[in-house]
Structure formats: structure tokens, C-alpha cells
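Peer 1: this one's structure only:
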């Protein structure tokens, strides 16, 4: 798994050189600017609303009033810290839902970018087929719903754990790893489909190479630490990097 993570991370550096060399900026900037705008507004609104929701829950249950009576207590610190942890987990859950919505809407463009990347790498053309494009979109939506369902189950379980002092402190990290895996899964599946892997075969292949998915997702989220610029570049860079890392593992498809 560690080897696959390294391959996935190195693929981002190769993706940057590839994009610059072949002047793919229009395929990077158009979806990237739209993604950055929606992401920025969405995160701002959700952070405010989730904070208000958690505050309301604490008020209704009486926890907020009880915390004020625990002046200078470690218990008060633990509950306040737990509130922040809970909000972070909820933020990752929102990020997950936003990601799937954007992947569904942008699937035609991302599928084309992945195909164009491999076509340049192999110095050949993949014949365009509108019927195949519709099939790719349908497959992408189906897998997006499948992954969203499983990730929701995992995230709800993590939300429950986040209420437990000390143990709950680690839940954002667990949620982030799961989020990285499913993001990378979606990016890799564009290549899986192009190589005629069925949905079940793609799930099996990526399951055996979890590092490719996790590594792709890790860099994707690290790029969000670079405000605006990172947000714009992250989605399409993830697609190109996933295509490159998948290409490197093709001999191991069996």
C-alpha cells in the first residue's frame, strides 16, 4: 500500500509537468474556477450553519448551560474541544457530499481529460463515441451514488464516535482518510472504465491498490491549503495524476 501511495503522490509532480508541456490549461482552469467558487461559498455557509446547529443541540440538551457552571474545569475544555472536533467531522461530511455532486456534474469533462491524458502518453487517439460518453456518465453517476452511500455509513459511525472524549479526537483523521480514498477512487475509475473494467472489476482493482486512491486524495486535499490557486488546480490535477498512476500499474491489473 505504501508503494502505491508514493506512486500516487509522485504522479502529481508528473501531472504538473505533463499539463505544462502539453498546454492543457483550458481543461484545468474552466472547471477549476467553477469548483473554487462553489467550494469557497459552500464551505463558508456550511461552517456558520453547522456551528449554529451544534450550538442549538448543546442548548436544547442542557449541555451548554452545564458547561458554563464548570468554570475552569477540564471537563469544560473537553466538551469545547469535542464541539470543534464534531464540527470538523461535519465539515468533512459536507465536503464529501459537495465532492460527489461536482463529480457527477463534471464527469463528462473529467472523463475526457483522463482520456486525452492517456492518448498523449501513448501517442494515439481514442475514437470519440457519444454513446460511450453517455455510458461513462451513467457509470460515473452509479458509482458516485454507491460510494456516497458507503461513505455516509462510515461518516455517521464516525460522528457517533466523535462524542466520546479522547477517542473522538481522532475521528477527523479517520474521516479524512476515508474521504481521500473515495475521492481517489472516483478519479481512478475514469481510467478503469476506459480499459473496459466493469464496475465490480474496478472496485476490486482499486480495493487491491488502495494506496493509489488514498495518495491521490491526500494531495488533492493538501492542495486546498493553498487558497484559491490550490482550489482551482486540485480537481483536474487529481484526474491527470490518477490517470498517470493507473497507467503505471497496468501491468499489475491481473
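Peer 2: The structure has been received and is ready for your questions. Because the structure is a prediction, the values reported are computed rather than measured.
Peer 1: what about the stretch 101-250 of the chain, any weak spots by pLDDT?
Peer 2: Applying pLDDT under 70 to the stretch 101-250 of the chain flags the ranges 126-130, 132-133, 162-163, 165-166, 168.
Peer 1: before we move on, which element is residue 35 in?
Peer 2: Remark: residue 35 resides in helix 25-61, with elements defined by DSSP states H and E.
Peer 1: Show me what that helix packs onto, helices and strands only.
Peer 2: Under the contact criterion of 3 or more Cβ pairs under 8 Å, 6 or more residues apart in numbering; DSSP states H and E, helix 25-61 touches helix 63-69, helix 74-122, helix 229-249. Yep, even glycine has a C-beta here, placed from its N, CA and C like the rest.
Peer 1: Report the angle between the last one and helix 25-61.
Peer 2: Just to be clear, that refers to helix 229-249. 110 degrees (axes from the mean of the first three to the mean of the last three Cα atoms, to 10 degrees).
Peer 1: Now do helix 229-249: which elements does it pack against?
Peer 2: In terms of contacts (3+ Cβ pairs under 8 Å, 6+ apart), helix 229-249 is packed against helix 2-21, helix 25-61, helix 74-122, helix 171-194, helix 210-223.
Peer 1: Residue 204 is nearest to which of the ones you listed?
Peer 2: Residue 204 lies closest to helix 171-194 among these, at 9.9 Å (Cβ to Cβ).
Peer 1: and that closest one, which residues are buried?
Peer 2: Across helix 171-194, burial judged by 16 or more other Cβ atoms under 10 Å covers 171-172, 174-176, 178-194.
Peer 1: Secondary structure class of residue 23, three-state.
Peer 2: Using DSSP: H, G, I helix; E, B strand; the rest coil, the three-state assignment for residue 23 comes out as coil.
Peer 1: tell me, how many neighbours does it end up with?
Peer 2: Using other Cβ atoms under 10 Å, the number of residues around residue 23 comes to 8.
Peer 1: Can you list phi and psi of it for me?
Peer 2: Main-chain torsions, residue 23, degrees, to the nearest 10: phi 50, psi 60.
Peer 1: Check the offset of stretch 150-165 from the chain's centre.
Peer 2: Remark: stretch 150-165 is offset 17 Å from the chain centroid, using Cα atoms, centre = their mean, to the nearest Å.
Peer 1: Show me which positions of it end up buried.
Peer 2: Those would be 151, 154-155, 158-159, 161-162, for stretch 150-165 by 16+ other Cβ under 10 Å.
Peer 1: ok, so of those residues, who is nearest residue 243?
Peer 2: Of the buried residues of stretch 150-165, the one sitting nearest to residue 243 (Cβ to Cβ) turns out to be residue 151, at 22.7 Å.
Peer 1: No further questions, thank you.
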